[in-house]
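# Kindly generate the corresponding structure for this input.
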Amino acid sequence: MKRYAAFDPPEYVAWKRDDRDVDAFRERPRADPARAAIVDRLTEEQHLDLYRGLVRTRLTDIALKRWVRQGVISKAWLGTGEEAATVGPVHALRRLRTADRGLRVTPSSGDESHPQSAIRNVQSDIVAPMIRNSGACSEMGMPVADIFRAYMGTGDGPSRGRDGHYGSIAHGIVAPISHVGDMVPIVTGIALSFAVRRTGQVAMTWIGDGSTKAGVAHEGLNFAAVRRAPAIFIIQNNQVALGTRLEQHHLPAETSRFADWPRAYGMWGGEFDGNNVLDAYALAALAVERCRRGDGPALLVAETFRMGGHATHDEAEARETFDAELFAKWGRRDPVALYEEHLADDGVSRATLAEVEAEVEVEVERAQEEALVSRRERMPEAESAVEGVYA
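Residues are numbered from 1 along each chain as shown. Sure thing, here's the model as predicted:
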């Protein structure tokens, strides 16, 4: 895909194919026969849909970064470099019908029914992304324009201007909680309701390497394991918690590996390459199959890297936090570029890939235009501030 010198990490701007990296990308899911079988069942359209999701997520982040530079918004929390850890697992879930994805859902007024009631009406699986997993929102069917509206706090945005953490129950998306780690028991409860009602649905959430240190996360994981809830928890180890490097808050790998955690909680699980969308998809698909059979939950571990700051305001600080060699190492493993090369090697024409990218570019550009109209014409009314509050 195109590179944007003003917005992409410099390692991505200078990216050039290395056959060793592309070969390693291909071989990673094939090292496990169960994952290889999942990948082999993918159709070309499913492959292209995965690519579409990666490109959509990357271009959405670039649009947000551009708006920060232009002063449209103050900051943005981006997932650059981590797209595959979000897009792959979400594509393994039951999502809205293709015809229904991308449809707007008018935000409800303050007298809406309880979220628990709304969840009972959802036919898809449920995701609860962290703020850096915004790609989960668009891949579950939320219009990209609603992501932009949420950042600008418009009255017709997902949270009606109240909160930058956005979701859409109608699309199967639970909005993030600022206190990272707290989503684990929430998702456990949602999954337990699926089991009680025997709906066959699955709930999925992500946990950062930093939020694994929250006591509530441990409590939720233990309860999910004991109750065999159909939930999938993904430890998204991007090597840093806010500005704290992994080795500053976690014992050395030879002493405490995240890959050992599933066994500690009595869960099924495994580790996947967080920069390899096929490996991510395949392991998540296996976890989903187990959950639907009643053999859940699952604890998966994604090894990846955050190619920027905690948010757009501290990108320089991120470059000071880690050695340049680490950015160079992970920069060579751009999840979008590697998958693009893999598809080309598999016989997908460059013209087809360019067409997909062009379609997504138009989608994201239109979404920006729609959201800017909302900012001009549909900001929240002052009276709405007292709606939907406890007191």
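# Check what pLDDT the residue lying closest to residue 67 once chain neighbours are set aside gets.
Distances taken as CB to CB, 6 or more residues apart in numbering place residue 73 nearest to residue 67, at 4.9 Å, with adjacent residues excluded. Placement of C-beta: from N, CA and C, glycine included. Residue 73 carries a pLDDT score of 96 in this model.
# lowest-confidence helix or strand of the chain?
Ranked by mean pLDDT, DSSP states H and E, the weakest helix or strand in the chain is helix 115-120, scoring a mean of 71.
# Report the next helix or strand after that one in sequence order.
strand 126-128 (DSSP states H and E).
# now whichever helix or strand comes after that next one, how far from the centre of its chain.
Downstream of strand 126-128, the first helix or strand assigned by DSSP H and E is helix 135-140. Distance of helix 135-140 from its chain centroid, counting by CA atoms, centre = their mean, to the nearest Å, is 7 Å.
# Remind me what helix 135-140 packs against, helices and strands.
helix 44-70, helix 83-91, helix 144-152 (3 or more CB pairs under 8 Å, 6 or more residues apart in numbering; DSSP states H and E).
# show me where pLDDT drops low in the chain?
Applying pLDDT under 70 to the chain picks out residues 97-102, 105-117, 253-256.
# again, 50 this time
109-113 (pLDDT under 50).
# in the stretch 151-300 of the chain, which spans are helices?
183-197, 215-227, 246-249, 261-265, 277-293 (DSSP state H, counting those that start in this stretch).
# before we move on, back to that, can the helices and strands packed on helix 135-140 go into TSV with extra columns for distance to residue 138 and mean neighbour count?
TSV is the format used below for the helices and strands packed on helix 135-140 (distance: least, CB to CB, whole Å; neighbours: other CB atoms under 10 Å):
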stretch	distance to residue 138	mean neighbour count
helix 44-70	6	20
helix 83-91	9	29
helix 144-152	5	25
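# Quick one, which of those helices gets closest to residue 316.
The closest of the helices and strands packed on helix 135-140 to residue 316 is helix 44-70. By CB to CB, the value is 13.8 Å.
# Now do that closest one against helix 144-152, angle only.
Counting by axes from the mean of the first three to the mean of the last three CA atoms, to 10 degrees, helix 44-70 lies at 30 degrees to helix 144-152.
# if we can go back for a sec, with residue 205 as the reference, name the closest of the helices and strands packed on helix 135-140.
Counting by CB to CB, residue 205 lies closest to helix 83-91 out of those; the figure is 10.1 Å.
# How many neighbouring residues does the residue lying closest to residue 124 once chain neighbours are set aside have?
Using CB to CB, 6+ apart and skipping residues adjacent in sequence, the residue nearest residue 124 is residue 172, 3.9 Å away. Here the number of neighbours of residue 172 (other CB atoms under 10 Å) works out to 28.
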